[in-house]
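Student: after the sequence you'll find the predicted model.
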Amino acid sequence: MLVNGIEIDLAKLEKPLLLVSEDGELLFRQLIQETPEHELTQCQLALSTRKSISLVRDFWFAMYKDREKLYINSGHALLYPIRLIIFELVTQDDSFKRLSKKSFGDECLSLIYAIVLLQFVLRWIKERFSDNKEVYESLKLLYRTTDDNIDDQSSPSREQSIGQAIAVKAIRSEVRENTQEFASLLYQTYNFLHYLHDIEKDKEEKETTRLPTMKNVEDAFNQFYKTRYTTNKAIFTG
(Lines give C-alpha, C1' and ligand atoms only; values in the text may rest on other atoms or scores of the structure.)
Protein backbone atom coordinates (compact mmCIF):
# COMPACT_ATOMS: atom_id res chain seq x y z
CA MET A 1 0.00 0.00 0.00
CA LEU A 2 1.48 3.34 -1.06
CA VAL A 3 0.98 6.22 1.41
CA ASN A 4 2.83 9.52 1.14
CA GLY A 5 5.10 7.95 -1.43
CA ILE A 6 6.17 5.17 0.93
CA GLU A 7 5.22 1.53 0.49
CA ILE A 8 3.66 -0.14 3.54
CA ASP A 9 3.48 -3.93 3.49
CA LEU A 10 0.00 -4.80 4.70
CA ALA A 11 1.08 -8.41 5.23
CA LYS A 12 3.37 -7.18 8.02
CA LEU A 13 0.90 -5.27 10.13
CA GLU A 14 1.10 -5.66 13.88
CA LYS A 15 -0.92 -8.43 15.45
CA PRO A 16 -4.59 -7.54 16.08
CA LEU A 17 -5.74 -6.61 19.58
CA LEU A 18 -8.95 -8.58 19.08
CA LEU A 19 -9.43 -12.29 18.55
CA VAL A 20 -10.30 -12.43 14.85
CA SER A 21 -10.35 -14.96 12.05
CA GLU A 22 -7.90 -15.18 9.17
CA ASP A 23 -10.76 -14.37 6.79
CA GLY A 24 -11.35 -11.13 8.64
CA GLU A 25 -7.68 -10.21 8.32
CA LEU A 26 -7.72 -10.89 4.58
CA LEU A 27 -10.91 -8.85 4.09
CA PHE A 28 -9.37 -5.85 5.84
CA ARG A 29 -6.23 -5.98 3.68
CA GLN A 30 -8.32 -6.20 0.54
CA LEU A 31 -10.53 -3.26 1.49
CA ILE A 32 -7.75 -0.90 2.52
CA GLN A 33 -5.53 -1.89 -0.41
CA GLU A 34 -8.29 -0.88 -2.83
CA THR A 35 -8.38 2.69 -1.47
CA PRO A 36 -6.13 4.77 -3.76
CA GLU A 37 -3.50 7.04 -2.22
CA HIS A 38 -5.00 10.27 -3.61
CA GLU A 39 -8.16 9.63 -1.61
CA LEU A 40 -6.25 9.52 1.67
CA THR A 41 -4.54 12.91 1.65
CA GLN A 42 -6.54 14.13 4.65
CA CYS A 43 -5.95 10.95 6.67
CA GLN A 44 -2.17 10.86 6.71
CA LEU A 45 -1.88 10.29 10.45
CA ALA A 46 -4.29 7.37 10.47
CA LEU A 47 -2.62 5.65 7.52
CA SER A 48 1.04 6.60 7.80
CA THR A 49 2.56 3.59 9.56
CA ARG A 50 2.03 -0.09 10.22
CA LYS A 51 1.14 0.83 13.79
CA SER A 52 -1.55 3.32 12.83
CA ILE A 53 -3.02 1.04 10.15
CA SER A 54 -3.06 -1.77 12.70
CA LEU A 55 -5.12 0.48 14.98
CA VAL A 56 -7.46 1.30 12.10
CA ARG A 57 -7.91 -2.44 11.74
CA ASP A 58 -8.71 -2.75 15.46
CA PHE A 59 -11.41 -0.08 15.16
CA TRP A 60 -12.69 -1.66 11.95
CA PHE A 61 -13.11 -5.07 13.58
CA ALA A 62 -14.90 -3.51 16.55
CA MET A 63 -17.36 -1.71 14.26
CA TYR A 64 -17.85 -4.36 11.61
CA LYS A 65 -18.13 -7.34 13.94
CA ASP A 66 -19.79 -5.72 17.00
CA ARG A 67 -17.39 -4.74 19.78
CA GLU A 68 -19.56 -6.32 22.48
CA LYS A 69 -19.09 -9.79 20.98
CA LEU A 70 -15.33 -9.58 20.48
CA TYR A 71 -12.58 -10.34 22.96
CA ILE A 72 -9.17 -8.80 23.55
CA ASN A 73 -6.22 -11.09 22.80
CA SER A 74 -4.36 -10.67 26.10
CA GLY A 75 -1.03 -11.78 24.62
CA HIS A 76 -1.16 -9.23 21.81
CA ALA A 77 -2.41 -6.52 24.17
CA LEU A 78 0.78 -6.88 26.24
CA LEU A 79 2.86 -6.25 23.12
CA TYR A 80 1.01 -3.07 22.12
CA PRO A 81 -0.05 -1.17 25.28
CA ILE A 82 -0.29 2.19 23.49
CA ARG A 83 -2.63 0.80 20.85
CA LEU A 84 -4.62 -0.85 23.62
CA ILE A 85 -5.16 2.30 25.70
CA ILE A 86 -6.25 4.30 22.64
CA PHE A 87 -8.57 1.49 21.58
CA GLU A 88 -10.15 1.21 25.02
CA LEU A 89 -10.60 4.95 25.53
CA VAL A 90 -12.27 5.38 22.14
CA THR A 91 -14.43 2.26 22.01
CA GLN A 92 -15.96 2.81 25.44
CA ASP A 93 -17.33 6.20 24.36
CA ASP A 94 -21.01 6.52 23.40
CA SER A 95 -20.15 8.13 20.04
CA PHE A 96 -18.16 5.07 19.04
CA LYS A 97 -21.00 2.80 20.09
CA ARG A 98 -23.45 4.79 17.94
CA LEU A 99 -21.12 4.58 14.96
CA SER A 100 -20.79 0.85 15.52
CA LYS A 101 -24.55 0.40 15.37
CA LYS A 102 -24.71 2.31 12.08
CA SER A 103 -21.86 0.42 10.44
CA PHE A 104 -22.38 -3.07 11.87
CA GLY A 105 -22.04 -5.65 9.10
CA ASP A 106 -21.01 -3.05 6.49
CA GLU A 107 -17.33 -3.57 5.81
CA CYS A 108 -16.86 -0.44 3.67
CA LEU A 109 -18.68 1.92 5.99
CA SER A 110 -16.83 0.50 9.00
CA LEU A 111 -13.51 1.15 7.29
CA ILE A 112 -14.29 4.79 6.53
CA TYR A 113 -15.53 5.33 10.08
CA ALA A 114 -12.39 3.75 11.51
CA ILE A 115 -10.03 5.82 9.33
CA VAL A 116 -11.71 9.17 10.02
CA LEU A 117 -12.08 8.48 13.72
CA LEU A 118 -8.43 7.55 14.17
CA GLN A 119 -7.31 10.55 12.11
CA PHE A 120 -8.89 12.98 14.57
CA VAL A 121 -7.87 11.00 17.67
CA LEU A 122 -4.22 10.82 16.59
CA ARG A 123 -4.21 14.49 15.70
CA TRP A 124 -5.46 15.30 19.20
CA ILE A 125 -2.85 13.03 20.83
CA LYS A 126 -0.01 14.32 18.66
CA GLU A 127 -0.74 17.94 19.48
CA ARG A 128 -1.18 17.20 23.17
CA PHE A 129 2.25 15.61 23.52
CA SER A 130 4.29 17.37 20.84
CA ASP A 131 6.29 19.22 23.52
CA ASN A 132 6.73 16.25 25.83
CA LYS A 133 9.92 14.57 24.59
CA GLU A 134 9.67 11.61 26.96
CA VAL A 135 6.17 10.66 25.80
CA TYR A 136 6.75 11.69 22.19
CA GLU A 137 9.55 9.16 21.74
CA SER A 138 7.07 6.33 22.26
CA LEU A 139 4.14 7.91 20.46
CA LYS A 140 5.99 9.03 17.32
CA LEU A 141 6.01 5.51 15.91
CA LEU A 142 2.25 5.83 15.48
CA TYR A 143 2.65 8.51 12.83
CA ARG A 144 6.31 8.71 11.80
CA THR A 145 6.73 6.60 8.66
CA THR A 146 10.50 7.04 8.70
CA ASP A 147 10.66 4.90 11.82
CA ASP A 148 8.28 2.25 10.51
CA ASN A 149 10.96 -0.24 9.46
CA ILE A 150 11.61 -1.35 13.04
CA ASP A 151 10.86 -5.00 13.71
CA ASP A 152 8.38 -4.75 16.57
CA GLN A 153 6.56 -8.06 16.21
CA SER A 154 8.59 -9.58 19.08
CA SER A 155 8.62 -8.63 22.75
CA PRO A 156 9.76 -5.04 23.34
CA SER A 157 13.03 -4.29 25.08
CA ARG A 158 13.09 -3.10 28.70
CA GLU A 159 13.68 0.46 27.50
CA GLN A 160 10.77 0.26 25.07
CA SER A 161 8.50 -1.20 27.75
CA ILE A 162 9.31 1.65 30.13
CA GLY A 163 8.69 4.21 27.39
CA GLN A 164 5.38 2.63 26.47
CA ALA A 165 4.29 2.54 30.11
CA ILE A 166 5.07 6.26 30.45
CA ALA A 167 3.10 7.03 27.28
CA VAL A 168 0.11 4.94 28.38
CA LYS A 169 0.02 6.69 31.76
CA ALA A 170 0.29 10.10 30.06
CA ILE A 171 -2.55 9.37 27.59
CA ARG A 172 -4.82 8.03 30.31
CA SER A 173 -4.09 11.04 32.52
CA GLU A 174 -4.63 13.53 29.69
CA VAL A 175 -8.00 12.04 28.80
CA ARG A 176 -9.06 11.84 32.45
CA GLU A 177 -8.14 15.49 33.04
CA ASN A 178 -9.88 16.56 29.82
CA THR A 179 -12.80 14.15 29.77
CA GLN A 180 -15.29 16.62 28.34
CA GLU A 181 -12.93 17.74 25.60
CA PHE A 182 -12.05 14.20 24.53
CA ALA A 183 -15.72 13.18 24.53
CA SER A 184 -16.52 16.29 22.50
CA LEU A 185 -13.84 15.37 19.96
CA LEU A 186 -15.45 11.97 19.43
CA TYR A 187 -18.93 13.48 19.31
CA GLN A 188 -17.89 16.06 16.73
CA THR A 189 -16.24 13.33 14.68
CA TYR A 190 -19.53 11.45 14.82
CA ASN A 191 -21.29 14.57 13.51
CA PHE A 192 -18.63 15.04 10.85
CA LEU A 193 -19.25 11.56 9.49
CA HIS A 194 -22.92 12.47 9.15
CA TYR A 195 -21.76 15.53 7.21
CA LEU A 196 -19.82 13.28 4.84
CA HIS A 197 -23.02 11.31 4.27
CA ASP A 198 -24.77 14.53 3.30
CA ILE A 199 -22.01 15.28 0.78
CA GLU A 200 -22.48 11.87 -0.81
CA LYS A 201 -26.25 12.37 -0.95
CA ASP A 202 -25.88 15.75 -2.63
CA LYS A 203 -23.50 14.35 -5.22
CA GLU A 204 -25.62 11.38 -6.10
CA GLU A 205 -28.99 13.14 -5.63
CA LYS A 206 -30.34 10.16 -3.79
CA GLU A 207 -30.12 8.64 -0.35
CA THR A 208 -27.22 6.37 0.45
CA THR A 209 -26.01 4.62 3.55
CA ARG A 210 -22.53 3.88 2.24
CA LEU A 211 -19.32 5.83 1.89
CA PRO A 212 -17.26 3.50 -0.33
CA THR A 213 -14.34 5.91 -0.82
CA MET A 214 -12.83 9.10 0.54
CA LYS A 215 -13.15 11.00 -2.76
CA ASN A 216 -13.82 14.72 -2.73
CA VAL A 217 -13.82 15.15 1.04
CA GLU A 218 -10.72 17.36 1.27
CA ASP A 219 -12.80 20.54 1.54
CA ALA A 220 -14.98 18.93 4.18
CA PHE A 221 -11.96 17.96 6.28
CA ASN A 222 -10.45 21.43 5.98
CA GLN A 223 -13.72 23.05 6.98
CA PHE A 224 -14.00 20.76 9.98
CA TYR A 225 -10.46 21.58 11.08
CA LYS A 226 -11.12 25.30 10.66
CA THR A 227 -14.52 25.71 12.29
CA ARG A 228 -14.94 22.80 14.68
CA TYR A 229 -11.56 21.46 15.71
CA THR A 230 -9.38 23.73 17.82
CA THR A 231 -6.71 23.05 20.42
CA ASN A 232 -6.63 26.49 22.02
CA LYS A 233 -10.09 26.23 23.55
CA ALA A 234 -11.45 24.13 26.36
CA ILE A 235 -14.17 22.62 24.20
CA PHE A 236 -14.94 21.86 20.58
CA THR A 237 -17.42 23.97 18.69
CA GLY A 238 -19.74 23.32 15.81
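Tutor: Yep, that arrived.
Student: how deep is residue 77 tucked in, by neighbour count?
Tutor: Using other CB atoms under 10 Å, residue 77 has 17 neighbouring residues. All C-beta spots, glycine's among them, are computed from the backbone N, C-alpha and C.
Student: now swap in the one 4 residues further on and tell me
Tutor: Residue 81 has 18 neighbours, counted by other CB under 10 Å.
Student: same deal with residue 21?
Tutor: Using other CB under 10 Å, residue 21 has 10 neighbouring residues.
Student: which residues of this protein score low on pLDDT?
Tutor: Under the criterion pLDDT under 70, the flagged ranges of the chain are 2-6, 35-41, 144-156, 197-238.
Student: 80 instead?
Tutor: 1-8, 34-44, 66-69, 141-157, 194-238 (pLDDT under 80).
Student: this protein: helices as residue ranges?
Tutor: Secondary structure of the chain (DSSP state H): helices at 22-33, 50-64, 74-79, 81-91, 94-103, 107-129, 133-139, 158-177, 179-204, 218-227.
Student: quick one, which of those is nearest to residue 44?
Tutor: helix 107-129 (8.0 Å; CB to CB).
Student: now do that closest one against helix 81-91, angle only.
Tutor: 110 degrees (axes from the mean of the first three to the mean of the last three CA atoms, to 10 degrees).
Student: just the buried residues of helix 107-129, please?
Tutor: 107-125, 128-129 (16 or more other CB atoms under 10 Å).
Student: now swap in stretch 158-172 and tell me
Tutor: Within stretch 158-172, the residues that count as buried by 16+ other CB under 10 Å are 163, 164, 167, 168, 170, 171.
Student: for residue 10, find the nearest of the helices of the chain.
Tutor: Shortest separation from residue 10 across the helices of the chain is recorded for helix 22-33, at 4.7 Å, computed as CB to CB.
Student: would you mark the buried spots in the closest one?
Tutor: In helix 22-33, counting by 16+ other CB under 10 Å, buried: 24, 25, 27, 28, 29, 31, 32.
Student: CSV for the residues you listed, including distance to residue 65?
Tutor: Below are those laid out as CSV (distance: CB to CB, whole Å):
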residue, distance to residue 65
24, 7
25, 12
27, 10
28, 11
29, 16
31, 14
32, 16
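Student: and residue 117, how far from residue 158?
Tutor: Per CB to CB, to the nearest Å, residue 117 is found 33 Å from residue 158.
Student: so residue 99 sits right up against residue 191, yeah?
Tutor: No. Look at residue 99 against residue 191 with CB atoms under 8 Å: they stay out of range, at 10.9 Å.
Student: of those two, which one has the most company?
Tutor: residue 99 (26 against 14).
Student: in space, what's closest to that one - neighbours in sequence excluded?
Tutor: residue 113 (5.1 Å; CB to CB, 6 or more residues apart in numbering).
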